[in-house]
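Undergrad: Predicted coordinates and the sequence they were generated for:
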Amino acid sequence: MIQIDNVSKTFGGIQAVRGVSLEVAEGSITGLIGPNGAGKSTLFNMVAGLFPPSEGRVLLDGRDITGLPPHKLFHLGLVRTFQIPHEFSRMTVRENLMVVPPGQSGENLFNAWLRWGRVKQEDSAVLDKVDDVLDFLEITHVADELAGNLSGGQKKLLDLGRTMMTDARMVLLDEPGAGVNRTLLGKIREAIQRLNRERGYTFCVIEHDMDLISALCDPVHVMANGELIASGAMTELRRNEQVREAYLGGGMSGQMGENARPSNQGDAS
Ligand SMILES: Nc1ncnc2c1ncn2[C@@H]1O[C@H](COP(=O)(O)OP(=O)(O)OP(=O)(O)O)[C@@H](O)[C@H]1O
């Protein structure tokens, strides 16, 4: 589905990503891991159109999408969520979901006055979809809560919900487990798995929590110092000497052990 072909990125004198080639297969939940500064976010940003690669190409279903801006990728069904959820904190959860679908006729004053039938029809379709998303993510009980009052984990669920409002096919998830307590982490994991299984979403996930990566992702790609150093199932990667060394260099080798909990994860709910 996504093919990253020999992609590099240089910022001034810093080579953040060097000659990375990898594939995210349709229907997969693919992981992207590596110690801090490995180049994961830079790679994500290039796929998501935040900036173009210095070299190389990105293909979506065989189509060259290198350098296309996020709004064009959005219409092709490719979206990225951010490490820190970008909810509108003074709007309710329901309103946050309602504003996502682009090009709603009611946004146009002319349509709002003269084509109110169409606007009404669209509004009701959006409301139905919002209800479906709230129900799917089991957050109906906070639908009328201000998004700013949600816990870290609930904000991540809302972020997934906003993705669902876009009819995305390919979702780049940036640290869905960061700052989330264990209970909500289980809910987020389940929501991702169900979206994948039941609704056909393909995911590529950056995550520091190795337990979450193990539970969700196959295959997993490992980056270090801007390069792709290994790919495979998490069970193999835990035994891979080069991968262990990369984490050791970053002082985080403990993350590669079973049931390890990374030190930079908060535990706020
Ligand atoms: N806009 C930028 N300007 C200059 N250097 C940058 C920029 N963005 C990233 N870098 C550098 O590129 C390298 C890779 O950073 P990147 O954020 O992609 O790593 P990462 O693997 O996502 O790390 P983390 O897990 O800490 O988020 C780092 O050395 C970083 O300092």
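TA: That came through fine.

Undergrad: what sits against residue 48?
TA: With contact set as Cβ atoms under 8 Å, 6 or more residues apart in numbering, residue 48 has these partners: 70, 73, 78, 79, 80, 172. Quick note: C-beta positions are derived from backbone N, CA and C, even for glycine.

Undergrad: Nearest to residue 145 among those?
TA: Of all these, the one with the least separation from residue 145 (Cβ to Cβ) is residue 79, at 23.9 Å.

Undergrad: for the closest residue in space to the closest one that isn't next to it in sequence, helix, strand, or coil?
TA: Spatial nearest neighbour of residue 79, excluding adjacent residues (Cβ to Cβ, 6 or more residues apart in numbering): residue 168 at 4.5 Å. Three states are possible here, and by DSSP: H, G, I helix; E, B strand; the rest coil the one that applies to residue 168 is coil.

Undergrad: For residue 161, see how far away residue 98 is.
TA: 11 Å (Cβ to Cβ, to the nearest Å).

Undergrad: quick one: contacts for the residue nearest to residue 79?
TA: Applying Cβ under 8 Å, 6+ apart, we find residue 168 in contact with 74, 77, 78, 79, 201.

Undergrad: Counting neighbours, which of the residues you listed comes out on top?
TA: residue 78 (27 neighbours; other Cβ atoms under 10 Å).

Undergrad: So what sits opposite the closest residue to that one other than its chain neighbours in the bridge?
TA: By the measure of Cβ to Cβ, 6+ apart, the closest residue to residue 78 outside its immediate chain neighbours is residue 170, 4.6 Å from it. According to DSSP bridges, the partner residues bridging residue 170 are residue 78, residue 202.

Undergrad: how close does residue 170 get to the ligand?
TA: Distance, residue 170 to the ligand, by Cβ to the nearest ligand atom, to the nearest Å: 19 Å.

Undergrad: and that residue, what does it touch?
TA: Taking Cβ under 8 Å, 6+ apart as the definition, contacts of residue 170 comprise 1, 2, 24, 60, 77, 78, 79, 201, 202, 203, 204.

Undergrad: how about a cut-off of 7 Å?
TA: Residue 170 makes contact with 1, 2, 77, 78, 202 under the criterion Cβ atoms under 7 Å, 6 or more residues apart in numbering.

Undergrad: in the sheet, who's paired with the second one?
TA: On the basis of DSSP bridges, residue 2 is bridged to residue 24, residue 60.

Undergrad: before we move on, the earlier item: could you save the contacts of residue 170 as JSON lines and add columns showing pLDDT and distance to residue 125?
TA: Written out in JSON lines, the entries for those read as follows (pLDDT from 0 to 100; distance: Cβ to Cβ, whole Å):
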{"residue": "1", "pLDDT": "92", "distance to residue 125": "27"}
{"residue": "2", "pLDDT": "96", "distance to residue 125": "29"}
{"residue": "77", "pLDDT": "89", "distance to residue 125": "18"}
{"residue": "78", "pLDDT": "92", "distance to residue 125": "23"}
{"residue": "202", "pLDDT": "96", "distance to residue 125": "25"}
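
Undergrad: which residue ranges form the helices in the chain?
TA: Ranges of helices in the chain, per DSSP state H, are 40-47, 70-75, 93-98, 109-114, 116-136, 152-164, 182-199, 210-216, 234-239, 241-249.

Undergrad: The first one near the ligand anywhere?
TA: Yes. Residues of helix 40-47 contacting the ligand under Cβ under 6 Å from any ligand atom: 40, 41, 42.
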